[in-house]
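Undergrad: Predicted model follows, preceded by the sequence.
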Amino acid sequence: MQVFGLIGNPVGHSVSPPMHEAAYEACGMDARYVTFEPEPGSIDRVMDGADALGIAGLNVTIPFKQDVAAAVETDPLAERIGAVNTVAFDDGPTGHNTDAAGVVRALEYHGVALSGQAVVIGAGGAGRAAAFALADAGMDVHIANRTVERAETLAAAVPGAGFGGLDELEPALSDADLLVNATSVGMESNETPVPKAALHADLAVLDAVYAPLRTRLLTDAAEVGATTVKGAWMLLFQGVEAFEIWTGRDAPVDAMNEALRNAL
């Protein structure tokens, strides 16, 4: 039996186990997906132990993404982002960041062209992944963050990126083709990081928040005629990408999506 899993603290809220186990069942794999809650400061030992025990792959969530990036060899994208959310153990632990692929694949699945101007709200882990992914796809990226200095630091690392504060969102969005909310604003609340007046019909909007499935930002965007992409699609496709890294086979996207929706 192959064992995959998730490390984080806490991990009790995670919907990754049913999503991945649905994939194993659909593919006829003898595999399980389990959760682990290591103590802070233990990641070096966790990686060594997982490798020694023959763990086939691990996902990584808060607060360990940066710790794992420092503890394992990383692929070039994860190194640039500075965070790892997926570890493969084929030839020693190797770190990947599938959040970036989650953004791109979610948008492509909904027919959103990755061209023109993108505005990314947030300069944390999800914001970094989105900014690098969209810049690599050829988009001009503008990073908006409550703390402008963090936006400036990220913009300096992303080729050609601009930056600004949240009070500059309306002019930044006026000519934008894509908006990605990579903050937690709207999680289990009726808040939005973007004034409705700043949204327009020529915009595609991806909200990384997936609880609720339809956030206030997405509701506002739909009402002005924008294309909307729910955060659950980003969550799905980062898991799809992890499965494909671990197994080398195409993921059963429909089975994973059904299990994810049932778990949310």
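TA: Looks like it came in fine.

Undergrad: Which parts of the chain belong to which domain?
TA: Domain assignment for the chain by automatic domain parsing gives 2-97+235-263, 101-229.

Undergrad: In TSV: the ones you listed, plus mean pLDDT and mean neighbour count.
TA: Yep, even glycine has a C-beta here, placed from its N, CA and C like the rest. TSV is the format used below for the domains of the chain (pLDDT from 0 to 100; neighbours: other CB atoms under 10 Å):
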stretch	mean pLDDT	mean neighbour count
domain 2-97+235-263	96	18
domain 101-229	97	20
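
Undergrad: Quick check: closest non-adjacent residue to Leu235.
TA: Excluding the flanking residues, the one nearest Leu235 by CB to CB, 6 or more residues apart in numbering is Tyr210, at 5.3 Å.

Undergrad: That neighbour and Asp48, how far apart?
TA: 33 Å (CB to CB, to the nearest Å).

Undergrad: Spell out for me which residue occupies the centre of the protein.
TA: Residue closest to the average C-alpha location in the chain (CA atoms, centre = their mean): Asp99, at 3.1 Å.

Undergrad: Against Glu37, how distant is it?
TA: Relative to Glu37, and taking CB to CB, Asp99 is found at 21 Å.

Undergrad: Repeat that for Val180.
TA: 30 Å.

Undergrad: With Ile121 instead?
TA: 30 Å.

Undergrad: Do you know the pLDDT at the residue nearest to the centre of the chain?
TA: Per-residue confidence (pLDDT) for Asp99: 97.

Undergrad: Assumed Ala50 was part of a strand.
TA: No - Ala50: not assigned to a strand; according to DSSP: H, G, I helix; E, B strand; the rest coil it is helix.
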